[in-house]
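>>> I need the structure of the sequence given here:
(chains A and B)
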Amino acid sequence: MTRQDLLDMNLKRELDLQIAEALEKAGAIGAPALIKQSQKVKFGHYQANGVMAAAKKLGMNPRELAKKTLEELSLTQAKEIEIAGPGFINIHLSNDYVADRLSDLNQQASFVLPVSKANTIVIDYSAPNLAKEMHIGHLRSTTIGDAAARTLEYLGHTVIRANHVGDWGAQFGSLLAYLDQQEKSGEKTSTELKDLEIFYQKASELFKADEVFAAKARAYVVRLQSGDPRCLELWRIFITESVNHCQAVYDRLNITLTRDDIKAESAYNEDLPQVVEDLDKLGLLQLSDGAKCVFLDEFKGKNGKTLPAMIQKSDGGYPYMASDLAAIRFRVNQLKADQALYFVDARQKLHLSQVFAVAKVAKFLDESKSFRHLPFGVILKDDGKPFKTRDGAAVKLSDVIEEAITRAFDLVSEKNPELSEKDRIRVAEVIGVGAIKYAELSKNRSTDYIFDWDTMLSFEGNTAPYLQYAYTRIQSIFRRANISPLALEGEIILDHPIEMQLGVKLLQFEEAINAMIEDYQANILCNYLFELAGIFMSFYETCPILIAEEPTRSSRLLVAHITAGTLKKGLDLLGIETVEQM
RNA sequence: GCGCCCGUAGCUCAAUCGGAUAGAGCAUCGGCCUUCUAAGCCGAGGGUUACAGGUUCGAUUCCUGUCGGGCGUACCA
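Below is the predicted model of the structure:
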């Protein structure tokens, strides 16, 4: 393998290829090397776990196969390779090799190599309901989806952000019916969102409790859908007001969504009859209690009953199944999407699997497209009970942001009073917002989580401020020494065990990004950055930089510089900013 | 009823799709600021991975069952 070949891969891939080749020469045809980063220092930097399974298949002693494999292997990267336990191959990288790779990394324009073929990827995320203010529950989809968008773009894909906001349907029927009722009783109405929020709650209660009101609300949906001018006028006022509110939240949170990314549910209204007609032409529709449904065998339960996918209601209205199908067509045909990622609440799992299944049967989607639901858990209260979004107990997102920034401001004022007020305000925004987003991103996406002010707004331990702090410490070194990182010269030397550990970790950035992208688990990238920052903190304590002799001094400055760049880029992929001082 | 998800330290969470002695943070306890920012570092205690079986060299991970929790289950989205 040439040097360039190695540079085109990350450590894991290059080891994987070489060991798989050696395994093959040793007689295990087609056996995977199963390279993993070792969990413990004594097991080396990487380990190959594939020998045991391969030996089993061949009826060989695994340690014997490991030995034969090593005889076929010459790794220039390693200073030591050993066979351990039942047949693990442990690889200890050589300090010089890691130092060389690190120098190369420092010369590169990017921390990752662009993908060989760029895909067009639609990312469906955030999607708030415009009838309400954004609440804490929107944080998940919004932050995780945004991190995915940033990361895929960084890797070279074409990303299309799709904010499928809810601006249509029965909820607006309730709202309009309530408003109308109020107007008739002579109360004056307001279109401020804060008031709309209250309207919505009241309307929602009435809808559940009062059959007459519910019927009226449904009638308003029909009026709205049929283009009644008065209804449309009221509706437009709501939407404009609500979109402004959402955009303000996005801007505050450093979310890359803009108004241009909104493709609302109502935007598909005109396509809906066509969707129904096309499904009908394919003979997929059945009339069931007056509603037009698709029945697919894969949704048949043990009781033999098949779950319907309703495309058109008995009153002629369209449920969200219809607009979701229209959205798929739009994404495939107009946007030319190769993939679509839906960052949507786990409770929508059944719904989305029906949508995808119907789309496939109807050939809206073919096998070459990958449309995936990336579900996430719901928020619970500290007693483990679910946070209901319509009982008035939802925590407003804008309140959380406000609280985080206030707390961060108090803290930065206490820790670093010599900063100007202007700087402290800026720092507080970056830290406060970073803390909130990191609290979301650092948890496993798919499980439920408990909302707790103190945990979410914590600035200690495994939090964004810890990472931001590591970054400022590095910047502070360069400031103090009055050196530009670009002016750094000399070799990288990784003599100290911590320096070596840091060096290897830095080379694994791309591996962390790839692992994250596999299943869009941002917590994998968070963990990586936290470990990187942790190793850097140890390095900072044990390896003095500015008072070190040359060439150690320059080497350590270089390592610190690469660390800063990695932290900054990693946080950037998560949508979290950095500051120079804090 | 049926379907899906979950159960790991006191609390909040990890564990790189089956790997080695299950790791962090918070909280608790003990050290470290006349040296580059103490939002930090070093160390200690804390576990029958809900329970019972099974599969195999190896199980938190896969299978079966039990218990416990959550969500979904056609005219809300």
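>>> okay, CA-based contacts and neighbour counts for the rest of this
Will do.
>>> would you map out the domains in chain A?
Domains of chain A are assigned by automatic domain parsing as A:3-93, A:120-164+A:261-373, A:170-255, A:397-574.
>>> start and end of the second one, how far apart?
Domain A:120-164+A:261-373 has its terminal residues 17 Å apart, counting by Cα to Cα, to the nearest Å.
>>> cool, the shortest one as well?
Domain A:170-255 has an end-to-end distance of 29 Å (criterion: Cα to Cα).
>>> likewise for the last one?
The first residue of domain A:397-574 is 19 Å away from its last residue (Cα to Cα).
>>> my read: A:I450 touches A:L380, true?
Yes. Applying Cα atoms under 8 Å, one finds A:I450 in contact with A:L380, separated by 4.6 Å.
>>> the bottom helix or strand of chain A by mean pLDDT?
Lowest on mean pLDDT, DSSP states H and E among the helices and strands of chain A sits helix A:3-7, with a mean of 65.
>>> check which element follows that one along the chain.
Downstream of helix A:3-7, the first helix or strand assigned by DSSP states H and E is helix A:11-25.
>>> any residue of that following helix touching RNA strand B?
No. Judged by Cα under 7 Å from any atom of the strand, helix A:11-25 makes no contact with RNA strand B; its nearest approach is 9.3 Å.
>>> still on that earlier bit, can I get the domains of chain A in a markdown table including mean neighbour count and distance to A:F111?
Listed next are these as a markdown table, based on neighbours: other Cα atoms under 10 Å; distance: least, Cα to Cα, whole Å:
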| stretch | mean neighbour count | distance to A:F111 |
| --- | --- | --- |
| domain A:3-93 | 18 | 11 |
| domain A:120-164+A:261-373 | 18 | 10 |
| domain A:170-255 | 17 | 22 |
| domain A:397-574 | 19 | 7 |
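>>> A:V165 is in contact with A:Y125, isn't it?
No. With contact defined as Cα under 8 Å, A:V165 does not count as touching A:Y125 (9.1 Å).
>>> before we move on, the earlier item: which one of the domains of chain A has the lowest average pLDDT?
Per-stretch mean pLDDT for the domains of chain A is lowest at domain A:170-255 (a mean of 81).
>>> quick one: that domain near RNA strand B?
Yes. Using Cα under 7 Å from any atom of the strand, we find that domain A:170-255 touches RNA strand B at A:A170, A:Q171, A:R218.
>>> hang on, the earlier thing: looking at the domains of chain A, which is closest to A:Q107?
Nearest to A:Q107, of all the domains of chain A, is domain A:397-574, at 10.3 Å by Cα to Cα.
>>> host element of the residue of chain A found nearest RNA strand B?
Proximity of chain A to RNA strand B (Cα to the nearest atom of the strand) peaks at A:N444, 2.8 Å away. Following DSSP H and E, one finds A:N444 outside all helices and strands.
>>> list the contacts of the residue nearest to it when sequence neighbours are not counted.
Counting by Cα to Cα, 6 or more residues apart in numbering, A:N523 is the residue found nearest to A:N444 once chain neighbours are left out, at 6.0 Å. Going by Cα atoms under 8 Å, 6 or more residues apart in numbering, A:N523 touches A:L441, A:S442, A:K443, A:N444, A:R445, A:M516.
>>> what would the residues you listed look like in TSV with distance to A:T406?
Shown next, in TSV, are the contacts of A:N523 (distance: Cα to Cα, whole Å):
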residue	distance to A:T406
A:L441	21
A:S442	22
A:K443	24
A:N444	27
A:R445	28
A:M516	32
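>>> mind picking the two most distant members of those?
With Cα to Cα as the measure, no two of these lie farther apart than A:K443 and A:M516, at 12.4 Å.
>>> identify the contacts common to these two.
Common contacts of A:K443 and A:M516, defined by Cα under 8 Å, 6+ apart, comprise A:A522, A:N523.
>>> do stretch A:493-510 and RNA strand B meet?
No. With Cα under 7 Å from any atom of the strand as the criterion, RNA strand B is not reached by stretch A:493-510; the gap is at least 9.4 Å.
>>> quick one: distance of that stretch to the chain centre.
Offset of stretch A:493-510 from its chain centre (Cα atoms, centre = their mean, to the nearest Å): 27 Å.
>>> now do that stretch: everything it contacts.
Against stretch A:493-510 from outside (Cα under 8 Å, 6+ apart): A:10-11, A:45, A:95-96, A:98-99, A:101-102, A:105, A:111-112, A:528, A:532, A:535-536, A:538-539, A:552, A:555-556, A:559, A:562-563, A:566.
>>> in helices, which of those residues appear?
Of these, the ones assigned to helices by DSSP state H are A:11, A:95-96, A:98-99, A:101-102, A:105, A:528, A:532, A:535-536, A:538-539, A:552, A:555-556, A:559, A:562-563, A:566.
>>> doesn't A:L350 make contact with A:F299?
No. Assessed by Cα under 8 Å, A:F299 is found out of contact with A:L350, at 9.4 Å.
>>> hang on, A:F295 in a strand?
Yes. Counting by DSSP: H, G, I helix; E, B strand; the rest coil, A:F295 is part of a strand.
>>> who's in contact with the closest residue to it other than its chain neighbours?
Leaving aside its chain neighbours, A:F295 sits nearest to A:P308 (5.0 Å; criterion: Cα to Cα, 6+ apart). The contact partners of A:P308, taken as Cα under 8 Å, 6+ apart, are A:C293, A:V294, A:F295, A:L296.
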